[in-house]
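Colleague: Return a 3D structure for these sequence lines:
(one chain, ligands or ions: 1)
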Amino acid sequence: MSRRKIIAGNWKMNMLPNEAMEFITRLSECTYEAKSEIVLCVPYTDLFYSLLTAQNTKIKIGAQNMHWEETGAYTGEVSGKMLKVINVEYVIIGHSERRQYFAETDETVNKKVKSAFKYNLKPIVCVGETLEQKEEGKTNEVITNQTKLALEGLSTEQVKNVIIAYEPIWAIGTGKTATSEDANNSIKEIRNEIKNIYGEEVANVVSILYGGSVKASNAKELFETSDIDGALVGGASLKVEEFKNIIMSAE
Ligand code: 13P
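Modeller: Okay, the predicted model is just below:
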């Protein structure tokens with residue numbers, strides 16, 4: 001098993017079903033040959049349309065969140081089982097916007113990661129520091145701690161299959177990308193933390209992505225580093241040409 005290259009889009013609260021279908025049709029036409037895993041994490045209301053449109057293409061579909069329980073009185077929530085039965089493959093867990101606006105904690109992130117594995121979903125777990133934490137020199141402490149807590153109680157086999165996205169909060173939607181060197185160093189820290197807990201063999205196969213203002217113009221430099229295995233792309237994943245060019249930068 002070697003590290004997979006993954007280019008994932010996070011559409012956040014954007015795109016109506018007709019727009020999703022058109023986007024996926026157009027993207028599929030230019031990604032037949034792509035070697036990376038291509039994932040689009042779409043709003044719940046686009047899932048069904050996106051899954052149908054993405055059939056027989058290279059494009060995989062993910063959700064942006066899930067609840068950890070299977071069923072129950074949790075108004076407005078969607079469970080891992082519900083995602084799995086309609087063939088969703090991936091799910092973003094613990095995005096900083098969910099931690100910030102919807103009170104997600106390291107504890108709920110951990111419960112969701114465990115539940116994702118229970119339903120055979122591939123979790124894309126987000127970690128990242130705030131600007132304040134960065135300025136206080138706490139980046140490594142914050143991201144290694146978030147990683148440790150998110151993965152707590154998982155088997156080594158499960159950890160091998162986790163996808164981690166390092167997304168410095170100050171770089172999200174701001175146009176400020178971490179330098180490829182800084183992003184790579186942070187990702188090395190995360191990999192090192194995984195090595196300390198789960199061993200080198202596991203750390204060497206976990207895919208760790210960078211997210212935060214990734215664009216076609218900076219993707220190649222990020223992907224050429226030693227430890228960045230792909231990207232989680234927000235704004236630039238809403239434009240077919242731009243997202244296609246990011247995918248091509250990883251080839
Ligand atoms: P942007 O690419 O828009 O900065 O968003 C990054 C992100 O939050 C992806 O999850």
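Colleague: how about the helices of the stretch 51-200 of the chain, start to end?
Modeller: Along the stretch 51-200 of the chain, counting by DSSP state H, counting those that start in this stretch, helices occupy 80-85, 96-101, 106-118, 131-135, 139-151, 156-160, 180-198, 200-203.
Colleague: Tell me the helix or strand right after the shortest one.
Modeller: Downstream of helix 200-203, the next assigned helix or strand under DSSP states H and E is strand 207-211.
Colleague: got the contact list for that following strand?
Modeller: Strand 207-211 is contacted by residues 3-6, 8, 10, 124, 126, 128, 163-167, 171-172, 178, 183, 187, 190-191, 222, 227-234 when judged by Cβ atoms under 8 Å, 6 or more residues apart in numbering. Every residue, glycine included, has its C-beta placed from N, CA and C.
Colleague: ok, which of these also contact the ligand?
Modeller: Under the cut-off given by Cβ under 6 Å from any ligand atom, the ligand has 10, 167, 172, 232, 233, 234 from those close to it.
Colleague: Return the member of those residues nearest to the ligand.
Modeller: residue 234 (2.2 Å; Cβ to the nearest ligand atom).
Colleague: which one is that closest one nearest to, not counting chain neighbours?
Modeller: Nearest non-adjacent residue to residue 234, counting by Cβ to Cβ, 6 or more residues apart in numbering: residue 10, 5.3 Å away.
Colleague: could you list every residue that touches that neighbour?
Modeller: 41, 64, 92, 95, 211, 232, 233, 234, 237.
Colleague: do that again at 10 Å, thanks
Modeller: Going by Cβ atoms under 10 Å, 6 or more residues apart in numbering, residue 10 touches 39-42, 62, 64, 92, 95, 97, 124, 126, 165, 167, 172, 211, 232-235, 237-238.
Colleague: can you give me phi and psi for residue 154?
Modeller: Reported as degrees, to the nearest 10, the phi and psi values for residue 154 are phi -80, psi 150.
Colleague: hmm, back to that, show only the entries of the ones next to the ligand among the contacts of strand 207-211 found in strands.
Modeller: Secondary structure from DSSP state E places 10, 232, 233 of these in strands.
Colleague: tally of neighbours for the residue lying closest to the second one once chain neighbours are set aside?
Modeller: Using Cβ to Cβ, 6+ apart and skipping the chain neighbours, the partner closest in space to residue 232 is residue 211 (3.5 Å). Neighbouring residues of residue 211 were enumerated by other Cβ atoms under 10 Å; the total is 27.
Colleague: Distance of residue 211 relative to the ligand?
Modeller: Distance, residue 211 to the ligand, by Cβ to the nearest ligand atom, to the nearest Å: 4 Å.
Colleague: and what of residue 179?
Modeller: For residue 179, the distance to the ligand - Cβ to the nearest ligand atom - is 15 Å.
Colleague: Would you tell me which residues of this structure are close to the ligand?
Modeller: So far as Cβ under 6 Å from any ligand atom goes, the chain lies against the ligand at 10, 95, 167, 172-173, 211-214, 232-236.
Colleague: hmm, 8 Å instead?
Modeller: Within the chain, the positions lying close to the ligand (Cβ under 8 Å from any ligand atom) are 10, 12, 41, 92, 95-97, 126, 165, 167, 171-175, 211-215, 232-237.
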